[in-house]
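Peer 1: Sharing a model prediction with you, sequence too.
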There are 2 protein chains.
Amino acid sequence: MISVDAFDLKILTALQDDGRLTNQELAELAGLSASQCSRRRMRLEQEKVISGYHADLSSEALGFGVIAFIQVGLATHSPDNSKRFRALVNRIDEIQEAYSLTGDADYVLKAVLRDLKGLSNLVNDVLMPHQSVAHVRSSIVLDRLKESAKLPLRDLKAG
Amino acid sequence: MISVDAFDLKILTALQDDGRLTNQELAELAGLSASQCSRRRMRLEQEKVISGYHADLSSEALGFGVIAFIQVGLATHSPDNSKRFRALVNRIDEIQEAYSLTGDADYVLKAVLRDLKGLSNLVNDVLMPHQSVAHVRSSIVLDRLKESAKLPLRDLKAG
DNA sequence: ATCCCGTTTGCACGCTCCTTGCGCGTCCGA
DNA sequence: TCGGACGCGCAAGGAGCGTGCAAACGGGAT
């Protein structure tokens, strides 16, 4: 089993905030030596507790003006059809997140697009015509209150 | 205006995939010298095209078993009430993403929780009783097809 | 208490990587 | 044609990395 103690938690919390922290900076924050942080970080990476590091890019600066949530209902719920839909989702880069959900819709997608034309194109020309899809409904994001992928580690117990 | 050329795009694409790439690795990928990559990276950080770097942690490994989307309708749409709701959302770490949307609900929240008890607690003990909130509806994520924050830079033109 | 053994730690050292200064080539406007 | 601005690679000094090593720690068994 993966075990994560209080030092690991400090390291994880810090790296979640700033993924380019040096081991020395990490050492100060965690109250450990740099070499030890290096070793722990390596272990956490190997055990896939840390699954990767990514730069966060500004969608505004790069001209992505539209974010949308798209609810999708499948035509049939056969395994083949699901598979087709998943393959479709996977090859569309504009779709950042995709989940199957309890409730009304089968799937929810979050897409980032340059403009409304891009959204229209995605919905009307790509998703709607696909054989696996029965019905599509999209909502446009008006305002982003919060957008991160940080886990709430604050109250995690060592173990 | 921010200008991003083909080299910058290669750098951004690479860092979006692996945020801990060294300047030397970047140099190979972009066909540039390491020093130049360092300079460009610094510029992109200063101009906030790169807004930060983050480690991606495994929610499974750390015991977060439940992801939920929560649709929220506000009691009234006064500025004060929105402000109260935003403040609430901001101080709840379990809420990773929060958006105001076109369509039925006023807001959609994405929350990560340890278990269903955690979700119940969030919905019934925190959101529902809050004065700003009129109505709440939650959907639990059954399967994650895709989960990233990568922008589709592929077809971006230099400029 | 005492011993033993596995684990974790800090330190030292050799090596890689980062960043800044510098000189060179290129492009564009005067 | 000339001059300035810009972007480039190179080199060097300094920072950061990770492995080896010995000491400190902790838990169990005697």
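Peer 2: Arrived safely. Numbering: from 1, shown residues only, chains lettered A, B, ... in the order given.

Peer 1: Name the residues of chain A found near DNA strand D, please.
Peer 2: By Cβ under 7 Å from any atom of the strand, the residues of chain A that approach DNA strand D are A:T22, A:N23, A:Q24, A:A34, A:S35, A:S38, A:R39, A:R41, A:M42. C-beta here means a position set from N, CA and C on the backbone, and glycine is covered the same way.

Peer 1: number of nearby residues for the last one?
Peer 2: Using other Cβ atoms under 10 Å in any protein chain shown, the number of residues around A:M42 comes to 11.

Peer 1: Equivalent analysis for the second one, please.
Peer 2: A:N23 sits with 18 neighbouring residues when counted by other Cβ under 10 Å.

Peer 1: do you know how far the residue in chain A sticking out farthest from the centre is from A:R39?
Peer 2: Among residues of chain A, the one most distant from the C-alpha centroid is A:S33; the distance is 31.9 Å, by Cα atoms, centre = their mean. Distance of A:S33 to A:R39, computed by Cβ to Cβ, to the nearest Å: 10 Å.

Peer 1: Spell out which residues are contacts of both of these two.
Peer 2: Shared contacts of A:S33 and A:R39, defined by Cβ atoms under 8 Å, 6 or more residues apart in numbering or on different chains, are absent.

Peer 1: Next, the residue farthest from the centre of chain A: phi, psi?
Peer 2: With angles defined as degrees, to the nearest 10, A:S33 sits at phi -80, psi 160.

Peer 1: I'd say it and A:A27 touch.
Peer 2: Yes: with contact defined as Cβ atoms under 8 Å, A:S33 counts as touching A:A27 (5.6 Å).

Peer 1: ok, A:R91 - how many residues close by?
Peer 2: Using other Cβ under 10 Å, the number of residues around A:R91 comes to 8.

Peer 1: domain ranges for chain A?
Peer 2: According to automatic domain parsing, chain A comprises the domains A:6-46, A:66-140.

Peer 1: any bit of stretch A:137-145 sitting next to chain B?
Peer 2: Yes: Stretch A:137-145 lies within reach of chain B by Cβ under 8 Å from any Cβ of the partner chain, at A:R137, A:S139, A:I140, A:V141, A:L142, A:D143, A:R144, A:L145.

Peer 1: Weed out the non-buried ones from those.
Peer 2: Restricting the residues of stretch A:137-145 next to chain B to buried positions leaves A:S139, A:I140, A:V141, A:L145, with burial counted as 16 or more other Cβ atoms under 10 Å in any protein chain shown.

Peer 1: residue contacts, the residue lying closest to the third one once chain neighbours are set aside?
Peer 2: Residue nearest to A:V141 in three dimensions, not counting chain neighbours: A:I67, with 4.0 Å by Cβ to Cβ, 6 or more residues apart in numbering or on different chains. With contacts defined as Cβ under 8 Å, 6+ apart, the neighbours of A:I67 are A:S59, A:K110, A:A111, A:V112, A:L113, A:I140, A:V141, A:R144, B:Y99.

Peer 1: Turn the residues you listed into JSON lines, columns for distance to DNA strand C.
Peer 2: Putting these into JSON lines (distance: Cβ to the nearest atom of the strand, whole Å) gives the following:
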{"residue": "A:S59", "distance to DNA strand C": "25"}
{"residue": "A:K110", "distance to DNA strand C": "32"}
{"residue": "A:A111", "distance to DNA strand C": "33"}
{"residue": "A:V112", "distance to DNA strand C": "28"}
{"residue": "A:L113", "distance to DNA strand C": "32"}
{"residue": "A:I140", "distance to DNA strand C": "39"}
{"residue": "A:V141", "distance to DNA strand C": "34"}
{"residue": "A:R144", "distance to DNA strand C": "30"}
{"residue": "B:Y99", "distance to DNA strand C": "34"}
